[in-house]
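Participant: Quick one: sequence plus predicted model below, questions after.
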Amino acid sequence: MKIKNVFPFAAMLLAGFMGSCSNDQNPSLASGKLSTDHSSSLSSKPSSGALKVVNLGVSGAFVILSKSGITDVYKSSVTGDIGTSPITGAAIKLACDEVTGTIYTVDAAGPACAITDASRLTTAVGDMQTAYTDAAGRSNPNFLNLGAGNIGGKTLKAGLYKFTTAVVIPTNITISGSSTDVWIFQVAGTLTMSNAVKITLTGGAQAKNIFWQTSGAVTLGTTSHFEGTILSQTGINLQTGASINGRLLAQTAVSLEMNAVTQP
């Protein structure tokens, strides 16, 4: 064999060897298709910065916002502004000494300390509905039907969670991530937290970056503790002694019973 032919032949062998190694290391690339193994996608953390917070607009200035009323069993402790619209202010049953913040109404009815500002409330409710639509419309979830809707005992990393059924939280859960991470939970049914169950934040995770969008009613059991903003198309019910570090934004009614509600 002539020397001038040796180098082209060696180059061909080397190229073939390298291509084989590459395919062995990444079978998905070798087949020309991305992996569809859902178990592996559930165990990996979503790429940083991929998920953006839900823009609450003016509704973000409220800790409780409802279209059809806020009921209460005295004495609750609410820190932040509250309001109802379009229903009359008479549908706000919280007393003035239960609210550290401003009570907004669409008319002069309601608590004696309330401020009438129908325009602000109309804007806030519109922004609440826009935020709900935004959260519900996020696509390409990182987690689909995690735990078949039972997320008790789990540690939840940042990402978009989609549930096509109801979600239950029968035991304590942890939401773990940094101060800039975002969590969005899309729930097609109801969301129910059992009595005395708690959500704990770790790693710097912040309630203001956690959003629970639910089509069905939300129920927080007695003495339970919740974290994050609830955007519900239906009612939000806090049973005796339940607390939340977050917001209650309901397109129907909010029901309180000696609860602690704190805006994040």
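Facilitator: Great, that's in hand. Just so we're clear, the structure is a prediction, and the values are computed from it rather than from any experiment.

Participant: Determine the number of other residues adjacent to Cys96.
Facilitator: 11 (other Cβ atoms under 10 Å). Backbone N, C-alpha and C define where each C-beta goes, glycine included.

Participant: Can you report how many residues lie near the residue nearest to it when sequence neighbours are not counted?
Facilitator: Leaving aside its sequence neighbours, Cys96 sits nearest to Cys113 (Cβ to Cβ, 6 or more residues apart in numbering; 3.9 Å). Counted with other Cβ under 10 Å, the neighbours of Cys113 add up to 11.

Participant: right, and Cys113 touches Leu94 too?
Facilitator: No - Cys113 is beyond contact range of Leu94, at 10.1 Å (criterion: Cβ atoms under 8 Å).

Participant: got any residues that touch both of those two?
Facilitator: Here Cys113 and Leu94 have Ile103 as joint contacts, going by Cβ atoms under 8 Å, 6 or more residues apart in numbering.

Participant: ok but Lys208 is inside a helix, no?
Facilitator: Yes - membership of Lys208 in a helix is supported by DSSP: H, G, I helix; E, B strand; the rest coil.

Participant: Against Val54, how distant is it?
Facilitator: Distance of Lys208 to Val54, given as Cβ to Cβ, to the nearest Å: 10 Å.

Participant: More neighbours: the two, which one.
Facilitator: Val54 (23 against 19).

Participant: wait, that one sits on Ala131?
Facilitator: Yes - counting by Cβ under 8 Å, Val54 does reach Ala131; the two are 5.2 Å apart.

Participant: overlap in contacts of those two?
Facilitator: Common neighbours of Val54 and Ala131, using Cβ under 8 Å, 6+ apart, are Leu231.

Participant: returning to what we had before: look up phi and psi at the residue nearest to Cys96.
Facilitator: phi -90, psi 0 (degrees, to the nearest 10).

Participant: Also Leu156?
Facilitator: Main-chain torsions, Leu156, degrees, to the nearest 10: phi -110, psi 120.

Participant: give me every residue that touches it.
Facilitator: Neighbours of Leu156 in contact, by Cβ under 8 Å, 6+ apart: 173-176, 183.

Participant: And for Arg138?
Facilitator: The contact partners of Arg138, taken as Cβ under 8 Å, 6+ apart, are 51, 160, 184, 186.
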